[in-house]
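>>> Here is a sequence together with a model predicted from it:
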Amino acid sequence: MKLRRFLAPLLIVLALLVALLFLVTWLPLRQARDAWRAGRDADAIAIAQRWSAWRLWPAEYAQLLAAASLTSGRRAQPYLAAIDRPLLPLIAKEEVARRLFAKQRYAEFLSYDAASHERNEAPDVALYRAAALVSTGRAGEASRVAIDRARVDAKKLASLQEAIAQRTSGSVPLVFDRNGRAIDTDRDFAPFIHDTIAKQLPALGTAATIDTTLDPFVQHAALEALGNFRGSMVVIDPRTNEVLAIASNAEKDLAIETQYEPGSVIKVLTGLNALSGGVDLKSIFPYVCNGELMIDGRHFGDWVPSGHGTLKNMDDALAVSCNVFFADAGIRMGRDRLLRFMRAAGFDGQTNSGLFAVPLGRTKGDVFNNFETAFLAIGLQHETINTVHLAMLASMMANRGTLVMPRLLRSRRSVLGEVVTLPPAQGRAQLASREAAETMISAMHAVVTNPRGTGRRAPVEGVPMAMKTGTAGDRAHGLEALIMAFAPVDSPKLAFAIIAEGAGPAEFAGAEIAHRFLERMKGRL
């Protein structure tokens, strides 16, 4: 009797201890779950591994470790094999599906789906199962998945059915313009699709569609403006810094991969740098250009041998694109200041388009004395640039000195129509004060309004614009014409860049292309 009297309380105490033990190991399980839900996969794995050693809640810990390993790209097979049927599952299969779909890890979801057997599976799990099969090239199997049509989202189901039909027929659109129209087979976008996007497909995959910011009207207008000049044009909406056009009339996407000597378009940066305190312009103007500058005993000539005469201010200097003035200003600022400003403006860097890294302009060669610094200041010998970067600089001026990373991606969508990728945050940097930018914008406006301005052939009636021309490259193979511009001046809606290969002086060919483009875009301005 005495034994029975002590046994009952002992059993109660043991039961309470066991319950407490289970509770103690359950709390870190929830902590690991919360970390996983917050996207802290490494924390979730560390917590779960530490407490799973107690051998309590084994299936639950295995479920969590499998999910966290899959979403973080780690090996998950040992945990998948141990999931079976958790007694009290902390995460639903639908949650795992959403996390894996957001990372476009469709095969991993199928592995998890096969290992985990939920007692009360949500209706949407069947949708994810079928979508994962479609995304891994198994459309036939996907069509046989049993889906409770009355209990799932009708839009997701319709998107899935369309994806199955497309893959069955062999026609799968991947890239869309800003209006939701597929552009995979649109000739206007062919170089961008078949050159740039095609190179990225091993990393991007073909399971999620690509919604871009590209505007078919602007793209077509850019190609028409280029006409028979081989080259490229990039157009940005400076209000959002969305890329509206990446136009190239060659088989290759010249706008992104090809670098060119920039020439006089760099004078915009040199001028902005000087206006930001690099040079006392009040003492330098009026400036007399007689066609040459003696630098450390060496002759540095202007592109106009007889010189530009008296330049009253920055408007005059930029309008006639005076090499002597900008070389002199560059020497006064010095090599280091010039390079720092250029790198702040993106040179020797890249920008994240949301789909791939886009290389920007580069500095090159050894700028070891004042003579070489003069060439750096006017965009010759020591820099290269592509059309994307040049358009970014045009948009920077339109935004009064604020450089913003351009946006090409709007989103990527799974075969269920769910957004799985959003564009990255647009980095921005204030290169110069608004006052300095406004002074330079006035000078860019003078490029097209001054009777001697190098862009005087570009304007379209009723469309006030700001521009800078540049002519550079190898004369023996034909000079490149470069243009950076935006319009209207006071309320910019378009910023664009043009690089035409072998077209000759930008004041002719470049201005002609810019004029044709603005004529076609006038209705939108």
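Okay, I see it.

>>> so L80 makes contact with A115?
Yes - judged on C-beta atoms under 8 Å, L80 makes contact with A115 at a distance of 4.0 Å. Any C-beta I mention is one placed from the backbone N, CA and C, and that applies to glycine too.

>>> all strands of the stretch 201-350 of the chain, in order?
209-212, 231-237, 242-248, 287-289, 292-295, 298-301, 309-311, 350-352 (DSSP state E, counting those that start in this stretch).

>>> Turn the ones you listed into CSV, columns for mean pLDDT.
Formatted as CSV, the strands of the stretch 201-350 of the chain follow (pLDDT from 0 to 100):
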stretch, mean pLDDT
strand 209-212, 96
strand 231-237, 98
strand 242-248, 98
strand 287-289, 96
strand 292-295, 94
strand 298-301, 94
strand 309-311, 96
strand 350-352, 95
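
>>> How is the chain divided into domains?
The chain breaks down into these domains under automatic domain parsing: 14-169, 219-524.

>>> from those, which stretch is densest packed?
domain 219-524 (a mean of 21; mean count of other C-beta atoms under 10 Å).

>>> hmm, back to that, overlap in contacts of L80 and A115?
Between them, L80 and A115 share these contacting residues under C-beta atoms under 8 Å, 6 or more residues apart in numbering: A66.

>>> so A114 is in which element?
Per DSSP states H and E: A114 is located in helix 106-115.

>>> and that helix, what other elements does it pack with?
The contact analysis (3 or more C-beta pairs under 8 Å, 6 or more residues apart in numbering; DSSP states H and E) places helix 106-115 against helix 58-71, helix 77-80, helix 93-102, helix 124-135.

>>> surely L88 meets A59?
No - when contacts are counted by C-beta under 8 Å, L88 is not listed as touching A59 (9.1 Å).

>>> ok, back up a step: can I get the helices and strands packed on helix 106-115 in CSV with distance to N290 and mean pLDDT?
Output for the helices and strands packed on helix 106-115, formatted as CSV (distance: least, C-beta to C-beta, whole Å; pLDDT from 0 to 100):
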stretch, distance to N290, mean pLDDT
helix 58-71, 69, 88
helix 77-80, 78, 89
helix 93-102, 65, 92
helix 124-135, 69, 94
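
>>> Turn the ones you listed into a markdown table, including distance to G277.
As requested, the helices and strands packed on helix 106-115 are exported to a markdown table (distance: least, C-beta to C-beta, whole Å):
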| stretch | distance to G277 |
| --- | --- |
| helix 58-71 | 50 |
| helix 77-80 | 60 |
| helix 93-102 | 47 |
| helix 124-135 | 55 |
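
>>> which one of those lies closest to L244?
helix 93-102 (28.0 Å; C-beta to C-beta).

>>> re the thing from before, how far out from the middle of the chain is the helix holding A114?
How far helix 106-115 lies from its chain's middle: 31 Å, per C-alpha atoms, centre = their mean, to the nearest Å.

>>> which other residues reach that helix?
Defining contact as C-beta under 8 Å, 6+ apart, one finds that helix 106-115 is touched by 66-67, 70, 76, 80-81, 83, 93, 96-97, 100-101, 125, 128-129, 131-133, 135-136, 207.

>>> In the stretch 51-200 of the chain, where is pLDDT below threshold?
Within the stretch 51-200 of the chain, the segments meeting pLDDT under 70 span 86-87.

>>> give me that answer again for 80
Filtered on pLDDT under 80, the stretch 51-200 of the chain yields the residue ranges 51, 54-57, 84-90, 119.

>>> what's the straight distance from one end of stretch 170-180 to the other?
End-to-end span of stretch 170-180 (C-alpha to C-alpha, to the nearest Å): 20 Å.

>>> what's the answer for stretch 32-52, then?
End-to-end distance for stretch 32-52: 11 Å, by C-alpha to C-alpha.

>>> returning to that earlier point: save the strands of the stretch 201-350 of the chain as CSV, and put in distance to V367 too.
Formatted as CSV, the strands of the stretch 201-350 of the chain follow (distance: least, C-beta to C-beta, whole Å):
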stretch, distance to V367
strand 209-212, 38
strand 231-237, 28
strand 242-248, 31
strand 287-289, 23
strand 292-295, 13
strand 298-301, 14
strand 309-311, 25
strand 350-352, 22
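
>>> any idea how far the residue nearest the centre of the chain is from H220?
Centroid-nearest residue in the chain: S353, 1.4 Å away (criterion: C-alpha atoms, centre = their mean). Noted for S353: a distance of 21 Å to H220, by C-beta to C-beta, to the nearest Å.

>>> got it, and W57?
According to C-beta to C-beta, W57 and H220 sit 61 Å apart.

>>> what does R75 give?
As judged by C-beta to C-beta, R75 and H220 stand 49 Å apart.

>>> what's the answer for R40, then?
Taking C-beta to C-beta, one finds R40 at 47 Å from H220.

>>> what's the spatially closest residue to H382 that is not a sequence neighbour in contact with, if anything?
Here the nearest residue to H382 in space, its sequence neighbours aside, is L376; by C-beta to C-beta, 6 or more residues apart in numbering that works out to 4.4 Å. For L376, the contact set (C-beta under 8 Å, 6+ apart) comprises G330, R335, L338, L339, T363, V367, H382, E383.

>>> How about I193?
By C-beta under 8 Å, 6+ apart, I193 lies in contact with V175, I183, D184, D186.

>>> and it, helix, strand or coil?
Per DSSP: H, G, I helix; E, B strand; the rest coil, the secondary structure class of I193 is helix.
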